[in-house]
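> After the sequence you'll find the predicted model.
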Amino acid sequence: MSNLLEDLSAATAALAESVGRSVVRVDGRRRMSASGVVWSADGLIVTAHHVVERDEELQVGLPDGSSAPATLVGRDATTDVALLRTTSGGLTPAQWVGAEGSAAGDLRVGNLVLALGRPGKSVQATLGVVSALGGAWRTAGGGEMDRYVQTDVVMYPGFSGGALAVAGGRVAGINSSGLMRGVSLAVPAGTLKRVVESLLAHGNVPRGYVGVGVQPVRLAEALAQSVGQETGLMVMSVETDGPAAQAGLAQGDVILSVDDVATRHLDDLQALLMGGRAGKRVPVRFVRGGAVQTSTVVIGSK
């Protein structure tokens, strides 16, 4: 037993040291500093939106103890993500997992995780486990997240924007205390990737909407085999004169795909609407009365 504890202790210390090279201090508010994670070697840093209270005179504290000026590239209040840029060289980008779009790569409920922050000059850590991996939900601020990672780590002051580190020296997301009061959540790397790409392109995250309320439903076996998926999204309500209504969708329809991307779960649709499709005409494939139909929807923006 002693060897097991010694090995675990050594492994977590090594993880904190390895990932800590990619964790920086973010000075973007008058009170305590927060944390950020190096996204790319060219100076991009991701942090929490709520810790960047001023756009001017931003500073980042680097792992070598030095400080460097930073500029705000863009921010997204809904996902609590801000993107900064510094011209300082020699940065070590984090090794991200889950950036292909899953909730958090191969992360599972019960996995050990380290929350890392750098509110001062040195990296700090707290140990916990993954409590839940979830799909789309509404934040306390009224926005909608497409995915989240919930942990039981203690979010010490200044840890927001820091790394959620997992085995192998990887980062599954950034921690946030600003998404739900009293709950430790992390924005997973798949969501971060979409937000960062949008912030680089637009400075914000334009979100589309189709004007429907939906819930996942299981398809009949014969239909599932025919369309190649087991679930779809049943339309529970349709906004009057919204994009879906104008395209002829009705309550009871089951949406199978949008823009040729399968919508098996609610977070699939949310991810699509975050994907820069606002204003575009896209095909929507759906089931009505047992027959598969296709209509064209002009994605609205909000």
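Yep, that arrived. Numbering: from 1, shown residues only.

> so where's the stretch 201-302 of the chain shaky on pLDDT?
Along the stretch 201-302 of the chain, segments meeting pLDDT under 70 span 274-276.

> residue ranges of the helices in it, please?
Applying DSSP state H, counting those that start in this stretch to the stretch 201-302 of the chain gives helices spanning 221-227, 243-246, 266-273.

> Which residues does stretch 47-61 contact?
24-30, 33-37, 45, 67-72, 75-77, 79-82, 84, 86, 88, 118, 120-121, 160-161, 174-178 (Cβ atoms under 8 Å, 6 or more residues apart in numbering). In short, each C-beta sits where N, CA and C put it, glycine included.

> Just the endpoints, please. Distance across stretch 224-234?
With Cα to Cα, to the nearest Å as the measure, stretch 224-234 spans 14 Å from end to end.

> now it, how far from the centre of its chain.
In terms of Cα atoms, centre = their mean, to the nearest Å, the centre of stretch 224-234 is found 26 Å from the chain centre.

> do stretch 13-27 as well
20 Å.

> buried stuff in it?
By 16 or more other Cβ atoms under 10 Å, the buried positions in stretch 13-27 come out as 15-16, 18-27.

> Give me the neighbour count for residue 31.
9 (other Cβ atoms under 10 Å).

> Return the member of the buried residues of stretch 13-27 nearest to residue 203.
Using Cβ to Cβ, residue 26 comes nearest to residue 203 of these, at 18.7 Å.

> List the residues that contact the closest one.
For residue 26, the contact set (Cβ under 8 Å, 6+ apart) comprises 33-36, 45, 47, 51-52, 58-61, 70, 84, 161.

> Filter the residues you listed down to the buried ones.
Taking 16+ other Cβ under 10 Å as the criterion, what is buried in the contacts of residue 26 is 33-36, 45, 47, 51-52, 58-61, 70, 84, 161.

> Restricted to strands, list these.
34-36, 45, 47, 58-61, 70, 84 (DSSP state E).

> Would you reformat those residues as TSV and include distance to residue 215 and pLDDT?
TSV is the format used below for these (distance: Cβ to Cβ, whole Å; pLDDT from 0 to 100):
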residue	distance to residue 215	pLDDT
34	37	96
35	37	97
36	37	97
45	38	98
47	34	97
58	42	94
59	46	94
60	43	96
61	46	95
70	42	96
84	38	97
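
> quick one: which of those is nearest to residue 293?
Nearest to residue 293 among those: residue 47, at 44.9 Å, using Cβ to Cβ.

> Can you name the residues bridging to that closest one?
As for beta bridges, residue 47 partners with residue 36, residue 82 under DSSP bridges.

> check contacts around residue 187.
Neighbouring residues of residue 187 by Cβ under 8 Å, 6+ apart: 79-81, 145, 148-149, 173-174, 176, 179, 195.
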